[in-house]
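Asker: I'd like to go over a predicted model; first the sequence, then the structure.
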Amino acid sequence: MQDAFSSPEYQRRHQPPYDPLHPPPHPFPHHTSPSHLTYPWQPQPQPAEPERRRQPRHHALGRHSDIRVLRGAYRRQRRVATLTALGYFTLFLLLSAFAPGLMASEVSGGLPTGLLLGLLQVPVTCLAIGLYEYTARRRVDPIADRIRRQTQLDAKREAAR
C-alpha cells in the first residue's frame with residue numbers, strides 16, 4: 001500500500017531538479033543509510049575477500065632456471081669457438097715473433113713452416129665455426145626450444161584467463 005507521500009507523482013513534483021553546480025546539502029539521500037556504523041554494537045561488516053588468482057606453476061621468465069642454463073650453455077659455446085680460432089692465431093703470432101728459426105725452417109719441398117701454419121689458419125677457423133654450430137644444435141637449441149614452448153604455453157594460459 002502506498003501513501004500519498006511516496007507516490008511517484010508526489011516525488012516528481014516535490015523533489016528539486018538536479019543542479020551539478022549546487023549539490024544537495026546532505027551527501028546521503030534520505031532513503032539510504034550512511035556507509036559508516038551508527039551504533040557500536042552493530043556487527044562489523046566483513047570485507048569482501050579478494051579473488052584468489054591461481055599462481056603459475058613456473059616462475060617469471062627472467063628468474064626461470066632454464067634461462068640461466070641457456071645463458072651458461074651459450075657462454076660456453078662462445079668461449080670454445082672464440083678460444084679455438086683466436087688461440088690458434090695467437091699461437092701463430094707468438095711463434096712468428098719468438099721462434100723465427102722454427103717458422104723459417106722447411107717442411108718439405110721448400111715449404112716453410114710459417115707459411116704452412118698461416119695456411120692452416122683457414123681450416124682452423126672453419127673448424128671453430130663447425131664446432132660452434134655443433135654445440136648450438138646439441139646443447140643450446142634444445143634449451144631455447146623448451147623455453148620457447150613453455151613461454152607460448154604460459155601466454156596461452158594467461159590469455160585464457
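Answerer: Yes, it's here. These figures come from a predicted structure and were not determined experimentally.

Asker: give me the next element, helix or strand, following the helix or strand where residue 66 lies.
Answerer: Per DSSP states H and E, residue 66 falls inside helix 65-98. Sequence-wise, the next helix or strand downstream of helix 65-98 (DSSP H and E) is helix 100-104.

Asker: elements contacting that next one?
Answerer: The contact analysis (3 or more CB pairs under 8 Å, 6 or more residues apart in numbering; DSSP states H and E) places helix 100-104 against helix 65-98, helix 113-119. Glycine gets a C-beta too; all of them are placed from N, C-alpha and C.

Asker: so which elements touch the helix holding residue 66?
Answerer: Packing partners of helix 65-98 (3+ CB pairs under 8 Å, 6+ apart): helix 100-104, helix 113-119, helix 121-135, helix 141-160.

Asker: CSV for those helices, including mean neighbour count?
Answerer: Shown next, in CSV, are the helices and strands packed on helix 65-98 (neighbours: other CB atoms under 10 Å):
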stretch, mean neighbour count
helix 100-104, 12
helix 113-119, 15
helix 121-135, 14
helix 141-160, 12
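
Asker: ok, which of those comes nearest residue 73?
Answerer: helix 141-160 (6.0 Å; CB to CB).

Asker: tell me the pLDDT of residue 85.
Answerer: Per-residue confidence (pLDDT) for residue 85: 88.

Asker: can you pull the contacts of it?
Answerer: By CB atoms under 8 Å, 6 or more residues apart in numbering, the residues touching residue 85 are 124-125, 128.

Asker: could I get these as JSON lines with distance to residue 70 and pLDDT?
Answerer: Shown next, in JSON lines, are those (distance: CB to CB, whole Å; pLDDT from 0 to 100):
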{"residue": "124", "distance to residue 70": "28", "pLDDT": "91"}
{"residue": "125", "distance to residue 70": "26", "pLDDT": "91"}
{"residue": "128", "distance to residue 70": "21", "pLDDT": "89"}
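
Asker: got a markdown table for those, with distance to residue 74 too?
Answerer: As requested, the contacts of residue 85 are exported to a markdown table (distance: CB to CB, whole Å):
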| residue | distance to residue 74 |
| --- | --- |
| 124 | 22 |
| 125 | 20 |
| 128 | 16 |
